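Novice: I would like the atomic coordinates for the input below:
(chains A, B and C)
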Amino acid sequence: MILPREFYLRSVQVVAHDMLGKKLVHLVSEQRVGGIIVEAEAYDGELDLACHARVGKTERNKVMYSQGGHAYVYFTYGMHWMLNCVTGDVGYPSAVLIRAIVPTDGMNFISAQRPNIQEKQWCNGPAKLSKALAITGELNGCDLCNPDGVLFVEDGETISDDNVRITHRVGVQSTPEPWLSKPWRFVADLSRN
DNA sequence: TCTTCGATTGTCT
DNA sequence: GACAATCGAAGAA
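Specialist: Numbers count the residues shown, from 1 in each chain, chains lettered A, B, ... in the order given. Okay, here's the model as predicted:
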């Protein structure tokens, strides 16, 4: 049920694409909280000028250099946590940014995390889903393949390619070409399944 | 509906 | 000292 290590030991673009339809789960006090992944972006190595690893290995991004299947959780804009899944082998910094999920488990918990907000807006952004699932820096570096872990990704439904939209990455303002236009963002349209 | 802007702090130069 | 893989409120139209 939990995705095996091999799933992550492939090129980051393939992993980002295949991540759609899978189920992200965070165990909070033994309660399952999570949902179906519907949007992901690939960040590929030190040459990718949109990737944190463009400046080489630092204290902040060192988890990206670990083996695929680990969680890279970082803090930005003074208030937001972002969840990534590290891909590839040890030493190659690449990761998939989880940008959106459709909540399926722990709806009560999620609604409590996102008070006064419409259900559709609960998890449709990288910082939003981290807030909704109570994902913070404490989870940075944890192993997503550990069956006894609290954060993991389970196999889910397969999304047909007809229902996958591929675009350039968003939120990376000042990234120069050709990196700005790389088609490394994958969005699933579940309504057409 | 669309656009602008403030929040708020860790990290890197 | 600048700025960030964002969000959501507020104001304009």
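Novice: Tell me the pLDDT of the residue at the greatest distance from the centre of chain A.
Specialist: Seen from the C-alpha centroid of chain A, the residue lying at the greatest distance (CA atoms, centre = their mean) is A:N116, 24.8 Å away. Listed pLDDT for A:N116 reads 92.
Novice: what secondary structure does it sit in?
Specialist: Put simply, A:N116 is coil when judged by DSSP: H, G, I helix; E, B strand; the rest coil.
Novice: Pick out the residue of chain A closest to DNA strand B.
Specialist: A:G78 (2.3 Å; CB to the nearest atom of the strand). All C-beta atoms are positioned from the backbone trio N, CA, C, and that covers glycine.
Novice: Walk me through which strands the helix or strand containing A:F75 pairs with, and which way each runs.
Specialist: Here A:F75 sits within strand A:71-76, counting by DSSP states H and E. Here strand A:71-76 is paired, per DSSP bridges, with strand A:80-86 (antiparallel).
Novice: can the partner strand be found next to DNA strand B?
Specialist: No - Strand A:80-86 lies out of reach of DNA strand B by CB under 7 Å from any atom of the strand, never closer than 7.9 Å.
Novice: which residues are contacting that strand?
Specialist: The contact list for strand A:80-86 (CB atoms under 8 Å, 6 or more residues apart in numbering) reads A:8, A:15, A:19, A:43, A:63-64, A:66-76, A:94-98, A:126-127, A:129-131, A:135-137, A:139, A:144, A:153.
Novice: DNA strand C next: which of those residues are close?
Specialist: A:Y43, A:M64, A:Y72, A:T76, A:A95, A:L97, A:P126, A:A127, A:K131.
Novice: How is the residue nearest the centre of chain A classified with respect to secondary structure?
Specialist: For chain A, the residue nearest the mean C-alpha position is A:I98 (2.2 Å; CA atoms, centre = their mean). When classified by three-state DSSP, A:I98 comes out as strand.
Novice: contacting residues around it?
Specialist: A:M19, A:L24, A:I37, A:E39, A:A40, A:L83, A:N84, A:C85, A:P126, A:L129.
Novice: do the same with A:T87
Specialist: A:Y8, A:L9, A:R10, A:S11, A:V12, A:V15, A:G68, A:S94, A:A95, A:V96.
Novice: 6 Å - rerun?
Specialist: Shown in contact with A:T87 (CB atoms under 6 Å, 6 or more residues apart in numbering): A:Y8, A:V12, A:V15, A:G68, A:S94.
Novice: Which one of those residues is nearest to A:H52?
Specialist: Nearest to A:H52, judged by CB to CB, of these is A:S94 at 10.7 Å.
Novice: Near that closest one, how many residues? Count them for me, please.
Specialist: The local packing count at A:S94 equals 28, with neighbours defined by other CB atoms under 10 Å.
Novice: Nearest spatial neighbour of it, chain-adjacent residues omitted?
Specialist: Residue nearest to A:S94 in three dimensions, not counting chain neighbours: A:V12, with 4.0 Å by CB to CB, 6 or more residues apart in numbering.
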